[in-house]
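*Asks:* sequence? don't have it. structure:
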C-alpha cells in the first residue's frame, strides 16, 4: 500500500518502475559473490538478501500493471500479453533444461554462482528494455489523487465501490490461489525426496511445462478473442484445478511429465484471461491503490499458506495434502460460477469452431 501511495502522487511514475526493477535484480550479484567472501552464515545472509530484494520488487509490481494499461490498447492486450508470455516461457523452457544439466555436472557452489551471474545479465537487460518503454504522463485531470489526500481505507473503499467486479475477482482468485500456495513448496519435495527426481529431471520437467505454456498461449489468445475472456477463464479453471489430484494419484515421474504437459496447456487459459479481466476491472481512478490492495491480500495468502501446507504435510503426508489443496482450488473454481465477473458463459460450439480453424487445412 505504501508503494501505491508513492506512485499515485507521481505525474511520471515510469522512473520508479525502472529503478525498482533494477533494485530487485542487482541482489543476484551479491548472492553470486557471497561464497567468495563469506565462509560462515551463507544460508542466512543469502535469505536476507532475497528478502531485501522483495522490497523494490513490490514497488515494481505495483507500477507494472498500470504501465501495461497505459501503453497497451485494450483491443491488443490479448495479443501482447500472450506474446510476452510465450517469449518468456520459451526462454525459460530452454534455459531451465540447460541449467539442470549444468547443475548436475558442476561442483557446488560454483555451479550456482555461475547460474546467478547469467540470471543477473538477463535481469539487467530487461531493466534496459523496460526503460525504453514510452509511458505517457499522468495528468491531474485524469487522476484526482495527484492533489487529493485520503486515508488508505477510504481509497480502498472508493476503489471497490467504483468497480464491484474487481472485488469479486479478488475474492474468487484468493480462494482459488489458497490451494495453489498451500501446495507450492510440496511439489519439489515430493518429486525429489519421495520419487527420487534428479536436477536434470527437474530441468526437463520445467522445460516440458513451459513448452506446453508457449503452445497454450498461442491457442488461448485466439480462444479469448473469439469467445471472451471470462468464458475462456471458466473453461480453463477446472482443468488446472485437477493437477494436484493427478500428481497424488499417479506418483510416477514419467507420468507426471505427461500430466504436466497436458495440464499446462490450460494454464495460459487461466493466466491470460485473468490478466485481461484484472487490467479491465481495476478501478480507473484508484489503479495503484486497487493493485496494491490486491497484491497485499494475495501476498498475505502466499506468505501464510505454504507454512500451513508444510505443517499439514508433516502431519498427514504429502499425497493427502495434495488432495486437500486440490479441493481448495475446486472451491475457488465454484466461486467464479457463483459470483461471476460478468454474465457471459462458455459457448463450447464457438470454442470448437475456433480450435477447428487453428488446424492446418486438409489437402
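*Replies:* That came in fine, so what should we check first? Since this is a predicted model, take the numbers as computed values, not measurements.

*Asks:* From now on I want contacts and neighbour counts done on CA atoms only, so please keep to that.
*Replies:* Fine.

*Asks:* check which helix or strand covers the residue nearest the centre of the chain.
*Replies:* Centroid-nearest residue in the chain, with Cα atoms, centre = their mean: residue 271, separated by 7.5 Å. Using DSSP states H and E, residue 271 falls within helix 267-281.

*Asks:* now the one helix or strand residue 43 maps to and helix 267-281, what's the angle there?
*Replies:* Element membership for residue 43 (DSSP H and E) is helix 42-71. Angle of helix 42-71 versus helix 267-281, following axes from the mean of the first three to the mean of the last three Cα atoms, to 10 degrees, is 60 degrees.

*Asks:* which residues in the stretch 101-250 of the chain form helices?
*Replies:* 110-131, 152-162, 164-189, 199-227, 229-241, 243-249 (DSSP state H, counting those that start in this stretch).

*Asks:* Which of those sits closest to residue 21?
*Replies:* Closest to residue 21 of the helices of the stretch 101-250 of the chain is helix 110-131 (Cα to Cα; 6.3 Å).

*Asks:* Packing partners of the closest one?
*Replies:* Using 3 or more Cα pairs under 8 Å, 6 or more residues apart in numbering; DSSP states H and E as the contact test, the elements touching helix 110-131 are helix 14-25, helix 27-37, helix 77-105.

*Asks:* what would those helices look like in TSV with mean pLDDT, distance to residue 49 and mean neighbour count?
*Replies:* Compiled in TSV, those are given as follows (pLDDT from 0 to 100; distance: least, Cα to Cα, whole Å; neighbours: other Cα atoms under 10 Å):
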stretch	mean pLDDT	distance to residue 49	mean neighbour count
helix 14-25	92	10	21
helix 27-37	91	7	17
helix 77-105	81	22	18
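
*Asks:* mind putting those helices in TSV, distance to residue 46 included?
*Replies:* Listed next are the helices and strands packed on helix 110-131 as TSV, based on distance: least, Cα to Cα, whole Å:
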stretch	distance to residue 46
helix 14-25	14
helix 27-37	6
helix 77-105	19
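
*Asks:* between the ones you listed, which one is nearest to residue 45?
*Replies:* helix 27-37 (8.4 Å).

*Asks:* list the helices and strands the closest one packs on?
*Replies:* helix 42-71, helix 110-131.

*Asks:* Looking at stretch 38-53 now, give me its mean pLDDT.
*Replies:* The pLDDT scores in stretch 38-53 average 89.

*Asks:* What are the buried residues along it?
*Replies:* Using 16 or more other Cα atoms under 10 Å as the test for burial, stretch 38-53 gives 46, 50, 53.

*Asks:* what does stretch 165-184 give?
*Replies:* 165-184.

*Asks:* Arrange the helices of the stretch 101-250 of the chain in a markdown table, one row each, with distance to residue 321 as further columns.
*Replies:* Converted to a markdown table, those look like this (distance: least, Cα to Cα, whole Å):
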| stretch | distance to residue 321 |
| --- | --- |
| helix 110-131 | 31 |
| helix 152-162 | 34 |
| helix 164-189 | 8 |
| helix 199-227 | 21 |
| helix 229-241 | 14 |
| helix 243-249 | 9 |
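
*Asks:* Compare the ones you listed and say which comes out lowest on pLDDT.
*Replies:* Looking at those, the bottom one is helix 152-162 with a mean of 77.

*Asks:* Just the angle for that helix relative to helix 164-189, thanks.
*Replies:* 110 degrees.

*Asks:* in helix 152-162, what counts as buried?
*Replies:* Buried-residue list, helix 152-162, by 16+ other Cα under 10 Å: 155, 156, 158, 159, 160, 162.

*Asks:* Spit out the contact partners of the fourth one.
*Replies:* It refers to residue 159. 283, 285, 286, 287, 289, 290 (Cα atoms under 8 Å, 6 or more residues apart in numbering).

*Asks:* helices or strands next to the helix holding residue 43 in the packing?
*Replies:* Judged by 3+ Cα pairs under 8 Å, 6+ apart, the packing partners of helix 42-71 are helix 2-8, helix 14-25, helix 27-37, helix 267-281, helix 287-316.

*Asks:* what about the last one, distance to the chain center?
*Replies:* In terms of Cα atoms, centre = their mean, to the nearest Å, the centre of helix 287-316 is found 13 Å from the chain centre.
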